[in-house]
Structures are given as C-alpha cells and as structure tokens.
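# Sequence first, then the predicted structure, then my questions.
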Protein chains: 2
Amino acid sequence: MQKEDLIATQTRISPYIHRTPILTSRLLNEIAGADLYFKCENFQRMGAFKMRGAMNAVLQLSEEQKARGVVTHSSGNFAQALALAAQSVGAPAYIVMPENAPQVKKEAVKGYSGQIIECASTPIAREEVAAQVEKETGAFFIHPSNDEAVILGQGTAALELLEDQPDLAYIFSPVGGGGLIAGTALAAHFYGKNCKVIGGEPFEADDAYRSLQSGKIESNTSTNTVADGLRTQLGDINFPIIRQYVDRIIRVEETEITQALRLIWERMKIIVEPSSAVALAALLREKETFACQKIGVILSGGNIDLTRLPF
Amino acid sequence: MQKEDLIATQTRISPYIHRTPILTSRLLNEIAGADLYFKCENFQRMGAFKMRGAMNAVLQLSEEQKARGVVTHSSGNFAQALALAAQSVGAPAYIVMPENAPQVKKEAVKGYSGQIIECASTPIAREEVAAQVEKETGAFFIHPSNDEAVILGQGTAALELLEDQPDLAYIFSPVGGGGLIAGTALAAHFYGKNCKVIGGEPFEADDAYRSLQSGKIESNTSTNTVADGLRTQLGDINFPIIRQYVDRIIRVEETEITQALRLIWERMKIIVEPSSAVALAALLREKETFACQKIGVILSGGNIDLTRLPF
C-alpha cells in the first residue's frame, strides 16, 4: 500500500463520510501535561470510524458485485457500517451476527437495510456461516479489519488529522482487530513529520501487544474487557503493517479505561464508547514520557448503550 | 441596551471564553424536517453559557470592586461560572448555595476558588443571605439572570451563531431565569435578518409563558421538572426585553424533554443537560410549523451527574 493509495481512498470516500472535527480541551491538556488533538470519529456517520473502511471497500466493487451484495461477520460497529455503506450504493448487505448480540445493534443493522444471519457466538461459527452465505448468495466478503481497502479507509481519519495538525509528534489509537491502527500507521508514515503511532490495548485482550513481542499473531484466551470493540484479534494483512510502522503498544487496566472514559464524558462533554477511551488511558498511563508533546488521539466511536454505562 | 453594547461585550469577553462550535446532524434534520444549527454551549468553559454573562459582569468591575469581590446566589451553573470568572481576574467570589445543593456542584465551585456560604433552600433565604454577605464583605452582587451585563454576555452566543449562520429564520432557546433568552432576543433583533426567537419552557415551570400571557411577572408554584436549570423565574430587567423581542414560548412535557435529551445524546454523541433539551423539545413539539426552515438551537450546557441520568 502506497501513499497514492491513501490519497485515492480519501478522494473516493469523502462524498460519503463526514470530515469529523478535531476537538481540544484545556482541562485534558492540563491533566495530560501535553497538547492533545482529539479526532472525533464518534461524530462519524453511524457513530464510528468503521464507516470509512466499509465505504472504501464497497465503492470499489464492480456493478456485478454490487448487484450480488456484500457479506461480513461482526457484532459491533462494522456490522452497521457495512450495512449503511452497502445501502449507500444500493447493494444488499448480509451481516452475520452472533445470536446473543444486543438487540439494539441488530435493530441498527436492520435500520440500514442490512439482512441479519444469526450464528453461534464463537469465532469459528461466524466465519463458517459467513463463508456459507458467500457461497449461497455470491456476495463479496469484506473482513471488518483484515482487508486492504478497509485498512486504507480507516487510515483517512489520521490523514485528515495530519492535514489539520501536520506537526504531531504522536498519534494514539486503540488496537482491536488492527484495521484502525494499521491505517493510522500508514497515514503517519506517509504524511507525518516523524510522527510515531502508539497503540492502546486492554490488558484483558492484549493479543496485539503479545504479537509484537513474539513476532507472530497471538490469540486472546479471554477478552474480559469493557472495551467491547477491542475483543477481536489481528490478521495477516494488518499485522505486518503494525509490526513495521507502529512504535509500540501500551496496555491499560480496566479501571484506567473507565476513568479515561469518564474524563472524556465529563470534561469534553462528548459521548465516546469505552474502546475510544483506551487510547487516552494509554497516554495517561505513561504521561511523563509524552509530556509537552503535540499528540493526536483518535476517538474511534460513540456507540454505547446509554442505559448500561460502566460508571 | 444597544447594538454597540453587544459588540463591546463580545470584544470584552472573547479572550476569556470559548467560541463554541456549531454542530449539525443529518439525522436530527430528518427528524425535525428542518435545517438545524446547534450552538454548543455545553463545550463552553465550565460547561455552560453562564460563563459569558459572569465574565462580562466581572470584567466591568473597578479595581476596588475586584479587591472586595463578588457575591451571587445560585445552586446551578452560575455558581460555578461566577467563581471561575472571578478567579480569572483575581477577585474573591462568595457563592450563596442552598445547604442541600449537590456535593458535586459545591466541589466544582470550590475547585474554582469560590467561597461557599450555605443557606436554607428557599428563594427568600438565599436572597437574604446574599444581601448579608454583600453588607459584611462589601462584595458586588451579581444576579444570575436579571442583570444587564449578564444578559448582554449571554447574548453573545446567539451573536456568534448569527455571524456564522446569518440567515437563520428562528433561534430556539430554553427559558429559565430569562437571561439567556433575553440576550438571544437582543442579538437576533440587532443582527438577525428577521430572525425570530422562540423559547422552550417546561409545563412544570412555565412562569415565563404565563408572564407573557398576563403581561406581568408570574411565579412558579411548583418546579417539578427534570430541567433543573429552568426552575428559576424571570426578573424585572429581562422580562421587558423578553416581552418586546421574543416571538413566543412553547411549553413541553417532561417526557418530551427526556426524549429530546436522549435524541441529542444518541444521535449527536454529545452530552447536554436536560435544560438544553427543552429547546429542541419545543421545536419538535410543533415541527410542522417550522418545517424546511433554517433554525438555530442553543444547547445551553452540559453539566449533568452521569451517575443519575433520567433514562
């Protein structure tokens, strides 16, 4: 993936996505002891950065592929993102979701005209069912994070951030399936001025941290974290990019995540989901290291059940 | 109060306040059937528009007055606003608060170096105690809403809104003590192009609606509303302005307030307090009347106890 691919991606998707605002907070700067620039993907269409990658993938389908539709497996934001992206180009979307996925998420997918296919709540089951749907419908499979078009799409958030704030020393991003941080690392590599990318990851789902240590993709044995968007694991397309371009990953405790979440809600008056708070939590955990620097923080999304807050 | 006074106010306070962003939402436009421009005073310093008026009042004190300090009575955002404004110019602030005011609000006032004087939880008690503090300390009394400098300060939010969106047909504002809507009406009168100002008020605290009907200041007999910022009542300085320049007031039910609140949180991903949702609730209640118009909505503040949400 080259610099030109990222620019082409931005041009392709910009009519379909929001250029999200960058917010600053005097109080959070004081707390962090640094200058923070928050890229607010919680204000993105359908409420998360996932819309960027989904849109980029869908817009590159042939007319024939669009007619047959797209399929993915996701219980989270990518389910909604792909449904909305497909709807935007008039393509059917088949979304494989675990049968125990929250009703509110299923309703959101239906609201964007997505067709839900339920499966058992295991990684293997969802891959199998998705493969079956692909076979039966001829729909094009798009992985939520381990896909070139998706990675490039997600990278446009950091690209926009660097266009507005070219001299960032660091960009912090949460690490889940790896699509966002891989795209962010590409954007920082091609467009930053020696801008380093740091990942934030829960101790409770630290597959990326361990993968960087061992040099091969490691799995999560459990994923008992409030950051529900980060329970997924790296893939063979994004891992090499992460290995090459991500400076390091900082792991955080669950209490650090909820504290950072509450800081963002109370001080910035914006709604972000727990996964987004992981990036800030990572920064605050080692704030001495980053003192007085100019730092971008990607707030990845804002989809959270308001009746079940973690505080 | 003249056009020049409003401009002078803006010049005076701008170094001390945030020029807050104006947000739009495709989904809320669809729901309202109109083009909405939300002036986000929830992002203002200390979390509400009250900072504008407090700052304007404090900045006009003489050096001698500053040395003696300022006093007000408030259990809400003005308490914090005056404490922070006074701190900004190095003046002591005496804040008379009901003894049963939430601990979190008292802590916030203390955090801005305000000195709290507790009183019984009645309107008469707080006025008496404030008068006593004024007498004992020589501090300058600043009313939270019935004060020319405060009204002009609050009007700068609508002034900024009209600078960015000059051709608004309406601006919706919540009505509590009357300072915000009076300032908004002045700004719309002086700077709008036939821009009408509409107030939103809870049925449960509809003193302003009834005052406009009767032509004299009416009192609330009860104030059983979730919109805690709107339980106060009009004063003799802001009421004549409201009578002259506010087009009308639309009253809303409590369920309409919580529904509008939830819409803003879920769809716009921002945190506003219930009082702010009253303006949107008023618009939605009569949305047929305002269909297809370009409408400003003032989101007055974002200070809410996250552990005690109304939904």
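That came through fine.
# can you tell me the helix or strand for the residue nearest in space to the middle of chain A?
In chain A, the centroid-proximal residue (CA atoms, centre = their mean) is residue A:180; its distance is 4.4 Å. Following DSSP states H and E, one finds residue A:180 within helix A:179-191.
# can you give me the helices in chain A?
Assigned by DSSP state H, chain A shows helices spanning A:3-13, A:26-32, A:50-58, A:63-68, A:77-88, A:103-111, A:123-137, A:148-164, A:179-191, A:207-214, A:238-245, A:254-263, A:274-285.
# quick one: is stretch A:82-94 near chain B?
No: contact of stretch A:82-94 with chain B (CB under 8 Å from any CB of the partner chain) is absent, the minimum separation being 11.7 Å. The C-beta positions use only the backbone N, C-alpha and C, and glycine is treated the same way.
# End to end on that stretch, go ahead and measure it.
Stretch A:82-94 has an end-to-end distance of 9 Å (CA to CA, to the nearest Å).
# what's the answer for stretch A:201-211, then?
12 Å.
# pLDDT (mean, whole number) over that stretch?
For stretch A:201-211, mean pLDDT is 97.
# Which positions in that stretch come out as buried?
For stretch A:201-211, the neighbour count (16 or more other CB atoms under 10 Å in any protein chain shown) marks A:201-202, A:204-211 as buried.
# Check stretch A:10-21 too.
So stretch A:10-21, judged by 16+ other CB under 10 Å, has buried residues A:10, A:12-13, A:16-17, A:20.
# what's the distance between the residue nearest to residue A:86 when sequence neighbours are not counted and residue A:72?
Leaving aside its sequence neighbours, residue A:86 sits nearest to residue A:93 (CB to CB, 6 or more residues apart in numbering or on different chains; 3.7 Å). In this view, residue A:93 and residue A:72 are 8 Å apart by CB to CB, to the nearest Å.
# cool, residue A:113 as well?
The gap separating residue A:113 from residue A:72 is 15 Å, by CB to CB.
# Give me the distance between residue A:106 and chain B.
Per CB to the nearest CB, to the nearest Å, residue A:106 is found 16 Å from chain B.
# again with residue A:126
Noted for residue A:126: a distance of 27 Å to chain B, by CB to the nearest CB.
# That residue and residue A:76 touch, don't they?
No: here residue A:126 does not reach residue A:76: they are 11.9 Å apart, not a contact under CB atoms under 8 Å.
# who's more crowded, those two?
Using other CB atoms under 10 Å in any protein chain shown as the criterion, residue A:126 and residue A:76 rank with residue A:76 on top: 25 against 21.
# which residues touch the more buried one?
Counting by CB atoms under 8 Å, 6 or more residues apart in numbering or on different chains, residue A:76 makes contact with A:50, A:105, A:144, A:228-229.
# 10 Å instead, please
With contact set as CB atoms under 10 Å, 6 or more residues apart in numbering or on different chains, residue A:76 has these partners: A:48, A:50, A:97, A:101-102, A:105, A:144, A:176-177, A:228-232, A:273, A:275, A:301, A:303.
# What is the neighbour count of the residue of the stretch 51-200 of chain A found nearest chain B?
Nearest residue of the stretch 51-200 of chain A to chain B: residue A:104, at 10.0 Å (CB to the nearest CB). For residue A:104, the neighbour count with other CB under 10 Å is 13.
# where's it relative to residue B:255, distance?
Computed as CB to CB, the residue A:104 to residue B:255 distance reads 20 Å.
# Likewise for residue A:51?
Applying CB to CB, the value for residue A:51 to residue B:255 is 32 Å.
# do the same with residue A:77
To residue B:255, residue A:77 is 30 Å away according to CB to CB.
# got it, and residue A:60?
Residue A:60 sits 46 Å away from residue B:255, going by CB to CB.
# out of these two, which sits in the more crowded spot?
residue A:60 (15 against 10).
# Near the nearest residue to that one once chain neighbours are set aside, how many other residues are there?
Distance criterion CB to CB, 6+ apart; nearest residue to residue A:60, sequence neighbours excluded, is residue A:149 at 5.8 Å. If you count neighbours by other CB under 10 Å, residue A:149 ends up with 23.
# Also residue A:25?
Number of residues near residue A:25 (other CB under 10 Å) recorded here: 18.
# ok so, going back, neighbour count: residue A:113 and residue A:72, which is higher?
Taking other CB under 10 Å, residue A:113 and residue A:72 do not tie; residue A:72 has more neighbours (30 against 14).
# So the more buried one sits against residue A:129, correct?
No: taking contacts as CB atoms under 10 Å, residue A:72 lies outside contact range of residue A:129: 11.1 Å.
# residues bridging contact with these two, i.e. touching both?
In contact with both residue A:72 and residue A:129: A:94, A:96-97, using CB under 10 Å, 6+ apart.
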